[in-house]
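Chemist: Dropping a prediction and its sequence here:
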Amino acid sequence: MRILLAIDHRSDPRVVSGYVAERFGSRNIAVDILTVIPSSAGQSHAAEQEHGEAVYLPRHRGPAQLAAESFVAAVATELRARHGLSSVRTHVKCGDAANVILSASTSLRSAMIVIEAPPGKGLLTGFRRNGATRRLFGKAGCPIELLRPCARSHRSSFNALVPIGADQFADFPFAQLQTLPWPQGSRLQLLGVLPLAFDDSRVEASPATVVEALDKSRRLRVLTEARLNEVCSNLNATLDHGVEAECRVVEGNTRAVVVDGARQPHASLIVMSSAATDRAIRGMFSTLSPAAIALSAACSVLLLRPPAVRAKRPSEQAENHAAAQPQHRPA
C-alpha cells in the first residue's frame with residue numbers, strides 16, 4: 001500500500017514519523033513524503049528524491065525550497081533509521097497545496113492520503129470555504145486521514161471508532177475496513193447510531209403517538225443490531241490476526257455521539273464515510289460534515305471514499321446492503 005504523507009515545516013519530523021510507524025506498523029507500505037511551498041516562495045519546478053537519491057532540475061533553488069527539502073529529508077531519515085521503513089521517497093513541489101496534493105495522489109497512485117490537522121487558530125482557520133484541508137476532504141479520490149500525532153501519546157492501544165447511522169448501512173463501505181492497514185492489537189468499534197426515541201418535541205404528544213414512536217424505535221433498534229452483528233461477524237472473519245471488530249448500538253445525535261466518543265481516553269481514530277455525509281458536505285457549517293467532526297474531535301479522523309456514490313431506489317436497498325458486506329476469505 002502506498003501512503004502519501006502531505007505535511008509542512010510546522011510538523012515535528014520525529015512526532016509525525018512516530019505516528020506513521022505506529023499507525024501502519026511494519027506492514028509492506030511505501031511512503032511518499034510531500035511538502036508544498038507557495039509558487040511565489042519557491043521555484044516552478046519540483047525537487048524530488050527517489051530511492052534516496054536527489055534529482056533536481058538545473059535551476060536555482062531559493063531558501064524556501066532548500067528549507068523544504070531539508071524538512072522532508074529529516075522526516076524520511078526518521079522513518080528509515082528509527083522505524084525501519086525502507087520504501088520512502090520525498091517530494092517538494094510548488095503551487096496551491098490542495099491542488100498539488102490531489103494531483104500527486106493521482107500520479108503516485110496513493111491508496112491513502114495522510115495530512116496533519118491544521119493548527120488551532122479559530123474555527124474557520126483550517127476549514128474555511130477555500131481552505132486546503134476542506135477541499136481535500138471534499139475532492140480526494142482515496143481515503144484521507146487527518147492525523148493528530150500528539151493525541152496518541154497517552155494511549156496504550158489502537159482503537160478505531162466507526163459511527164454508522166441507522167440509515168447509512170446501504171452506503172457505508174464496510175469492505176474497505178478489511179483492506180485498510182491496522183496496527184496489531186487494534187479494535188474496530190462499530191457504533192450504530194439511532195435517533196432518540198423520545199425527545200422534547202413529543203412532550204405534549206398523545207399517549208398513542210408516544211407508544212407508536214417507542215415501538216418504531218424498538219423495531220429500528222432490532223434491525224440495526226442484526227445488521228451490525230452481521231457486519232461485525234464478517235469483519236472478524238476477514239481481518240488480519242490480532243485485529244478485532246466489536247459493535248454496539250446507541251441513541252442520540254450522530255455528531256454528539258462521535259465527538260463524545262472521540263474525547264474518551266480509549267479513542268485513537270474516528271472512521272467515517274463520505275457516502276454517509278455527502279449531503280452534509282455541501283453545507284459550510286453542517287454539524288454532520290466530516291470537516292465539522294474532524295474539527296471537533298480530539299483524535300485523528302479517517303474519511304473513507306467509496307469508488308462511486310449515487311442515490312439508490314428503495315427496491316435496491318436489500319441487495320446493496322448484502323453487496324456492501326465484506327466477503328469471507330477462502331479457507
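Modeler: Noted; the coordinates are in hand.
Chemist: What ranges in this structure fall below the confidence cut-off?
Modeler: 26-27, 40-61, 118-130, 150-156, 198-205, 262, 264-265, 275-296, 307-331 (pLDDT under 70).
Chemist: Name the single longest helix found in it.
Modeler: helix 207-238 (DSSP state H).
Chemist: which helices and strands does it pack with?
Modeler: helix 174-179, strand 187-194, strand 244-251 (3 or more C-beta pairs under 8 Å, 6 or more residues apart in numbering; DSSP states H and E). Backbone N, C-alpha and C define where each C-beta goes, glycine included.
Chemist: What residues sit buried inside it?
Modeler: 213, 217, 220-221, 224, 227-228, 230-232, 234-235, 238 (16 or more other C-beta atoms under 10 Å).
Chemist: can you give me the angle it makes with strand 187-194?
Modeler: 160 degrees (axes from the mean of the first three to the mean of the last three C-alpha atoms, to 10 degrees).
Chemist: now helix 207-238 against strand 244-251, angle please.
Modeler: 170 degrees.
Chemist: Number of residues surrounding the nearest residue to Ala74 once chain neighbours are set aside?
Modeler: Excluding the flanking residues, the one nearest Ala74 by C-beta to C-beta, 6 or more residues apart in numbering is Pro13, at 4.3 Å. Neighbour count of Pro13, defined by other C-beta atoms under 10 Å: 20.
Chemist: What of Ser206?
Modeler: 9.
Chemist: before we move on, back to that, ramachandran coordinates for the residue nearest to Ala74?
Modeler: Pro13 has phi and psi values of phi -50, psi -40 when expressed as degrees, to the nearest 10.
Chemist: Would you mind measuring from it to Val75?
Modeler: According to C-beta to C-beta, to the nearest Å, Pro13 stands 4 Å off from Val75.
Chemist: Same check on Ala30?
Modeler: 14 Å.
Chemist: of those two, who's got more company?
Modeler: Taking other C-beta under 10 Å, Ala30 and Val75 do not tie; Val75 has more neighbours (23 against 17).
Chemist: Show me where the protein has its helices.
Modeler: Going by DSSP H, the chain shows helices at 13-24, 63-77, 97-107, 132-139, 174-179, 207-238, 254-262, 274-281, 290-296, 317-323.
Chemist: Just send the ones you listed back as TSV, with distance to Ile113 too.
Modeler: Converted to TSV, the helices of the chain look like this (distance: least, C-beta to C-beta, whole Å):
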stretch	distance to Ile113
helix 13-24	13
helix 63-77	16
helix 97-107	5
helix 132-139	7
helix 174-179	14
helix 207-238	24
helix 254-262	20
helix 274-281	13
helix 290-296	13
helix 317-323	26
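Chemist: which of the ones you listed is buried the deepest?
Modeler: helix 290-296 (a mean of 23; mean count of other C-beta atoms under 10 Å).
Chemist: what about Met112, neighbour count?
Modeler: 22.
Chemist: so it bridges to which residues?
Modeler: Assessed by DSSP bridges, Met112 has beta-bridge partners Ile3.
Chemist: Wait, it touches Leu5, no?
Modeler: No: checked against C-beta atoms under 8 Å, the pair Met112 and Leu5 is beyond contact range at 9.5 Å.
Chemist: list the residues that contact both of those two?
Modeler: Common neighbours of Met112 and Leu5 are not found (criterion: C-beta atoms under 8 Å, 6 or more residues apart in numbering).
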